[in-house]
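Visitor: Just the structure for this:
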Amino acid sequence: MVMLAGPLPVGMHEPLPVRMHERHSLPETIIHEPPTISEELEEELHRLGASSDILGHLKELDMDIMDQVPGTAGQLDGSIRVSALRCLLHMLQAFGSGHSYWFKAAFLLDRIVASSTFRLEQLPLTCVVLTRIVMKLASSMPPPFASNSCPAMHMIKDFGTWLESAQNCVTDQVSDMALCMHEKTVLKALLWQIECPCVEHWSCLFFTRFGILAGRDFQAWIDQMQAKVLMFARAVVMCFPTAQLSQGRLALGLFSLSFVDAGMVPVASLKPSTKSVSEWKALLTATQPRGELPECRLPPFMAMRVMDMISLAVNEEPDAIRASSGVVAEALGETFRKIQSFQVERP
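Guide: You can find the predicted model right below:
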């Protein structure tokens, strides 16, 4: 049985009441009971590809893949990694894909760089191969990167020229033969495991589950929150390799923090046990553009129900959610500091 009966429509200014079944009329003293998902809702989640079984399988897959990525070995220098990620994004945008496949390409890049077969002079070629791989996942016909008419060819040449100058190396040439040979090398290094959940997949999964639990009247808010989560995720992925912060944990933390940002749960509800109240407030304040913490606009019993739905959406205990929120808040704050430092250094 679901104790969160009915959608939670929240207005832009004043919160609206939760729609409850008649038998769930609220007494003056709220007795909180841990919620569960009914069989009916679980069937709906399964139909949308967001069932608890699917979520559990993806978590196991994410853990298996993360075990393949060493902690600090094999990581690119920060400026090289950022340039490679920008090159991947520009190539994908040239073929009309952009951010929808960029998260997956970034994930694969971090994994291949950590492998024993990676060589820096092959990085431009590797970027082309990874772009081909993620494009193949979306279409059976990969784009002709080696062709002179390819709109992305000048991007990879510019990246190769920059890398040669910055690292005093000679990069491998991009050709049809080189691409075919290197693609096999990359796939072997990835253990042929290229279908892996990325941050966009996780985010969509979490918000889909929350939307079913909260009700369809909440969809407009979910769309806005998800767009903001992905915007923050792009910035964090640029600064933090997968070995330091998995895309699954990043999505979980940003998903949870988005409800604080939207004023649906209080700041204290996501405080990790390792942080004091003042430390947690300071950490979250550093992630706010105006330096002001958002206020929860919902009454306590409604905020508690939202927290219950967050827990059900990600299928994690509250303490695990708080721990991930703390890790991601620290990463987000560091990301903002790096962005501000870059902006100050620019002429």
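Visitor: hey, let's count contacts and neighbours off CA atoms from now on
Guide: Noted.
Visitor: Quick one: residues contacting residue 321.
Guide: Counting by Cα atoms under 8 Å, 6 or more residues apart in numbering, residue 321 touches 252, 253, 256, 270, 311.
Visitor: How about the helix or strand harbouring residue 282, which residues are buried there?
Guide: If you go by DSSP states H and E, residue 282 is part of helix 277-285. By neighbour count with 16 or more other Cα atoms under 10 Å, helix 277-285 contains the buried residues 280, 281, 283, 284, 285.
Visitor: Could you do stretch 162-182 as well?
Guide: Applying 16+ other Cα under 10 Å to stretch 162-182 flags 163, 171, 174, 179, 182 as buried.
Visitor: any idea of the mean pLDDT for that stretch?
Guide: Averaging pLDDT along stretch 162-182 gives 82.
Visitor: Now do the SS call for the residue lying closest to residue 105 once chain neighbours are set aside.
Guide: Nearest residue to residue 105, sequence neighbours excluded (Cα to Cα, 6 or more residues apart in numbering): residue 130, at 6.0 Å. Using DSSP: H, G, I helix; E, B strand; the rest coil, the structure places residue 130 in helix.
Visitor: Could you count how many residues lie near residue 130?
Guide: 24 (other Cα atoms under 10 Å).
Visitor: quick one: it from residue 124, how far?
Guide: 10 Å (Cα to Cα, to the nearest Å).
Visitor: and if you look at residue 264?
Guide: For residue 264 relative to residue 124 (Cα to Cα), the value is 44 Å.
Visitor: Pick out whichever of the buried residues of helix 277-285 sits closest to residue 94.
Guide: Nearest to residue 94 among the buried residues of helix 277-285 is residue 284, at 36.4 Å by Cα to Cα.
Visitor: which residues touch the closest one?
Guide: Contacts of residue 284 by Cα under 8 Å, 6+ apart are 293, 329, 333.
Visitor: make it 7 Å
Guide: Residue 284 is in contact with residue 329, counting by Cα atoms under 7 Å, 6 or more residues apart in numbering.
Visitor: Can you tell me the centre-most residue of this protein?
Guide: Central residue of the chain (Cα atoms, centre = their mean): residue 199, 2.7 Å from the mean position.
Visitor: can you pull the contacts of it?
Guide: 103, 247, 248, 250, 251 are the contacts of residue 199 under Cα under 7 Å, 6+ apart.
Visitor: before we move on, what about residue 241?
Guide: Contacts for residue 241 were tallied using Cα under 7 Å, 6+ apart; they are residue 110.
Visitor: Phi, psi for it please.
Guide: When quoted as degrees, to the nearest 10, the phi and psi of residue 241 stand at phi -60, psi 160.
Visitor: How about residue 93: what's its closest non-neighbour residue?
Guide: In space, residue 93 comes closest to residue 99 once its chain neighbours are excluded; the distance is 7.9 Å by Cα to Cα, 6+ apart.
Visitor: residue ranges with poor pLDDT in the protein?
Guide: For the chain, residues meeting the criterion pLDDT under 70 lie at 1-35, 38, 68-75, 98, 139-151, 217, 341-347.
Visitor: Would you tell me which helix is longest in it?
Guide: Longest helix in the chain, counting residues (DSSP state H): helix 318-345.
Visitor: Buried ones in that helix, by neighbour count?
Guide: In helix 318-345, counting by 16+ other Cα under 10 Å, buried: 318, 320-326, 328-336.
Visitor: can you give me the angle that helix makes with helix 277-285?
Guide: Using axes from the mean of the first three to the mean of the last three Cα atoms, to 10 degrees, the direction of helix 318-345 lies 50 degrees away from that of helix 277-285.
Visitor: Tell me the secondary structure at residue 196.
Guide: Under three-state DSSP, residue 196 falls in the coil class.
Visitor: neighbours around it, how many?
Guide: 14.
Visitor: do residue 42 as well
Guide: 18.
Visitor: what do you get for residue 76?
Guide: That count, for residue 76 with other Cα under 10 Å as the rule, works out to 17.
Visitor: in a strand, that's where it is, yeah?
Guide: No: counting by three-state DSSP, residue 76 is not found in a strand; it is coil.
Visitor: ok, it to residue 88 distance?
Guide: For residue 76, the distance to residue 88 - Cα to Cα - is 15 Å.
Visitor: again, but for residue 268
Guide: Residue 268 sits 39 Å away from residue 88, going by Cα to Cα.
Visitor: do the same with residue 182
Guide: Note on residue 182: its distance to residue 88, by Cα to Cα, is 17 Å.
Visitor: same thing with residue 116?
Guide: 22 Å.
Visitor: State the three-state secondary structure for residue 109.
Guide: helix.
Visitor: Which members of the buried residues of stretch 162-182 occur in helices, if any?
Guide: Reading helices off these with DSSP H, I get 163, 179, 182.
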